[in-house]
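1. need a structure here:
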Amino acid sequence: MAISIKRIATAATALALALGLAAPLQAAEKKDFKIAWTIYAGWMPWPYAQQAGIVKKWADKYGISIELVQVNDYVESINQYTAGKFDGVTVTNMDTLTIPSAGGVDTTALIIGDYSNGNDGLVLKKGKSVKDIKGQKVNLVELSVSHYLLARALDSVKLAEKDIKVVNTSDADIVAAAASADVTAIVTWNPQLAEVAKGPGRILAFDSSKIPGEIMDLTVVNTDTLKDNPALGKALAGAWFETLALMKADDAAGKAARTEMAKLSGTDLAGYDAQLKTTFMYWDAKASLAFARSPEIVKAMDLVRTFSFDHGLLGEGAKTKDAVGIAFPGGKTLGNPKNVKMRFDDTYLQQAADGKL
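-> Numbering: from 1, shown residues only. Down below sits the predicted model:
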């Protein structure tokens, strides 16, 4: 199965960007756009859509060109977007907030593609419930969504991070680490999670299905670029939802599309379908739109920004969790309304839902 190199934010990266090392794209009307992506179940529609000509079809409709570019390192893809080398990127909600937005790059979540619904989890080799984690060392990618999941798991049983010890372990090493007798608690994401949970006596004590909607997978674009080039938003939304309708279909065409997505991610159809089962996909624009407008998305982002501030991910200059403003449909804002740098925009979701793209 393919190793997913996603969901890793570092305080150092966020701080460097907050200090002004990012060089965002100069917004203007343009015709050629580049979107960066990395391998993950919920993002595989993009490379398939490009390969199948769906992206070109929609780009041609609006007289533009869109290139989907694979970047092998997830963090690097976000850094390159933040530095202005890409017009958009596939990224989680937490990493959007803590890297480009905290770094001063106004970023719009154009498409809310899915949320983790069991793709992230806490596995115990010693104990049977989250309460048993007290006093243990926990291996995970520090300051990633795994760290966030751990914090939420601890909170669910009224424990805190002071009650455990975090051991920073790279996602590439997490499966091997889990095999060590000294490692008793592991937090990771699929496909590594499936491998870690397989061992004898191992218990999946907590997973992201317990915190629905909090770990989102997005396609984001530079806000100023989108403002000056609405054709980009229309084309991306059109291509995305056409591809999802195709892959969801329980017919030969749908199976063929998912099979190709599986190959592009380095697995087979069974492996890819297994990952989709723990990924809550917003299969159509109406579903994504409803979530974008719901109170739940505001609650989720409040939890995420609180964690991010508490762990220094909003930058050295952030004095409170309100430092970075987050805007939602309907005029709702979290944080500083004069410093909105992350936006959930329902404009193109609405157009897609209404069939007006």
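2. Can you give me the neighbour number for the residue nearest to residue 209 when sequence neighbours are not counted?
-> Distance criterion C-beta to C-beta, 6 or more residues apart in numbering; nearest residue to residue 209, sequence neighbours excluded, is residue 118 at 4.4 Å. In this view, the C-beta of every residue, glycine as well, is placed from N, C-alpha and C. Other residues lying near residue 118 total 18 when counted by other C-beta atoms under 10 Å.
3. how close does residue 118 sit to residue 296?
-> Look at residue 118 and residue 296: by C-beta to C-beta, to the nearest Å, they are 18 Å apart.
4. Ok, residue 258 next?
-> The gap separating residue 258 from residue 296 is 28 Å, by C-beta to C-beta.
5. of the two, who's got more company?
-> Remark: of residue 258 and residue 296, residue 258 carries more neighbours, 21 against 14, as counted by other C-beta under 10 Å.
6. distance of the residue nearest the centre of the chain from residue 114?
-> Nearest residue to the geometric centre of the chain (C-alpha atoms, centre = their mean): residue 92, 2.0 Å. According to C-beta to C-beta, residue 92 and residue 114 sit 11 Å apart.
7. what touches both of those two?
-> 216-217 (C-beta atoms under 8 Å, 6 or more residues apart in numbering).
8. Run a quick neighbour tally on residue 352.
-> Applying other C-beta under 10 Å, I find that residue 352 has 24 neighbouring residues.
9. can you tell me which residues contact it?
-> 237-238, 241, 285, 289.
10. Tell me which of those fall in helices.
-> Among the contacts of residue 352, the members falling in helices (DSSP state H) are 237-238, 241, 285, 289.
11. residues in contact with residue 275?
-> 41, 119, 190-191, 267.
12. Give me the lowest-pLDDT entry from those.
-> Of all the contacts of residue 275, residue 191 carries the smallest pLDDT score, 83.
13. Am I right that it is in contact with residue 267?
-> Yes. Using C-beta atoms under 8 Å, residue 191 makes contact with residue 267 at a distance of 7.4 Å.
14. Can you give me the buried ones in stretch 307-322?
-> 307-309, 311, 313-315, 318, 321-322 (16 or more other C-beta atoms under 10 Å).
15. ok, back up a step: between all of the ones in helices among the contacts of residue 352, which two are separated the most?
-> Greatest spatial distance in those: 238 and 289, 14.5 Å, computed using C-beta to C-beta.
16. chain center to the one helix or strand residue 75 maps to, what's the gap?
-> Element membership of residue 75, judged by DSSP states H and E, is helix 74-82. Distance of helix 74-82 from the chain centroid (C-alpha atoms, centre = their mean, to the nearest Å) equals 13 Å.
17. mean confidence score for it?
-> Averaged across helix 74-82, the pLDDT comes to 94.
18. just checking, what packs against it?
-> Contacts defined by 3 or more C-beta pairs under 8 Å, 6 or more residues apart in numbering; DSSP states H and E place helix 74-82 against strand 32-37, strand 88-92.
19. So if we follow the domain assignment, how does this protein break up?
-> 11-115+214-353, 120-210 (automatic domain parsing).
20. Quote the end-to-end distance of the shortest one.
-> Here the two ends of domain 120-210 are set 10 Å apart, with distance taken as C-alpha to C-alpha, to the nearest Å.
21. hey, where'd the helices end up in the stretch 201-350 of the chain?
-> Ranges of helices in the stretch 201-350 of the chain, per DSSP state H, counting those that start in this stretch, are 223-228, 230-248, 252-265, 269-277, 285-292, 295-310, 347-353.
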